[in-house]
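K.L.:
okay, predicted coordinates and the sequence, questions at the end:
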Amino acid sequence: MSNSVTSASVAALADAVLALLVDKYEAPAETTAVDTEFELIGFDSLILVEVAVDLSRRYGIEVADDELQAAGTAAGVAELLVAKGAGV
């Protein structure tokens, strides 16, 4: 896979993760971007467990809440998902 395809996949997944956070988990749309840290939007470990379950179901790969916490942002989660083989 070329870097441009990978970059496009990461960007598309970052947007999808951001949409999930805003639409389902009520992250404030006006102040939340793909590079906003989860801690700054008030996402604690319980919310990240729920997000991990949603992402695991949506992309058919195992995603753990501690991986999301380590990723820290929607963009970081997108990179994690691509590394685990998730597609857009």
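P.N.:
The structure has been received and is ready for your questions. Numbering: from 1, shown residues only.
K.L.:
any idea how far residue 78 lies from residue 72?
P.N.:
Distance from residue 78 to residue 72, counting by Cβ to Cβ, to the nearest Å: 12 Å. (Each C-beta comes from the backbone N, C-alpha and C, glycine too.)
K.L.:
residue 35 contacts residue 75, doesn't it?
P.N.:
Yes: when contacts are counted by Cβ atoms under 8 Å, residue 35 is listed as touching residue 75 (5.3 Å).
K.L.:
the more surrounded of these two?
P.N.:
Higher neighbour count among residue 35 and residue 75: residue 75, with 20 against 12, using other Cβ atoms under 10 Å.
K.L.:
which phi and psi does residue 37 have?
P.N.:
When read as degrees, to the nearest 10, the backbone of residue 37 gives phi -70, psi 140.
K.L.:
what's the local residue count around it?
P.N.:
Counted with other Cβ under 10 Å, residue 37 comes out at 11.
K.L.:
please name the residues that touch it.
P.N.:
Going by Cβ atoms under 8 Å, 6 or more residues apart in numbering, residue 37 touches 72-73.
K.L.:
go on, residue 81?
P.N.:
Per Cβ under 8 Å, 6+ apart, neighbours of residue 81: 13, 17, 55, 59, 61, 63.
K.L.:
same check, this time on residue 63
P.N.:
52, 55-56, 80-81, 84.
K.L.:
ChimeraX command for the buried members of the residues you listed?
P.N.:
For the buried members of the contacts of residue 63, the matching ChimeraX selection, counting by 16 or more other Cβ atoms under 10 Å, is:
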select :52,55,80,81
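K.L.:
between the contacts of residue 63, which is closest to residue 30?
P.N.:
Within the contacts of residue 63, proximity to residue 30 (Cβ to Cβ) peaks at residue 55, which comes in at 23.6 Å.
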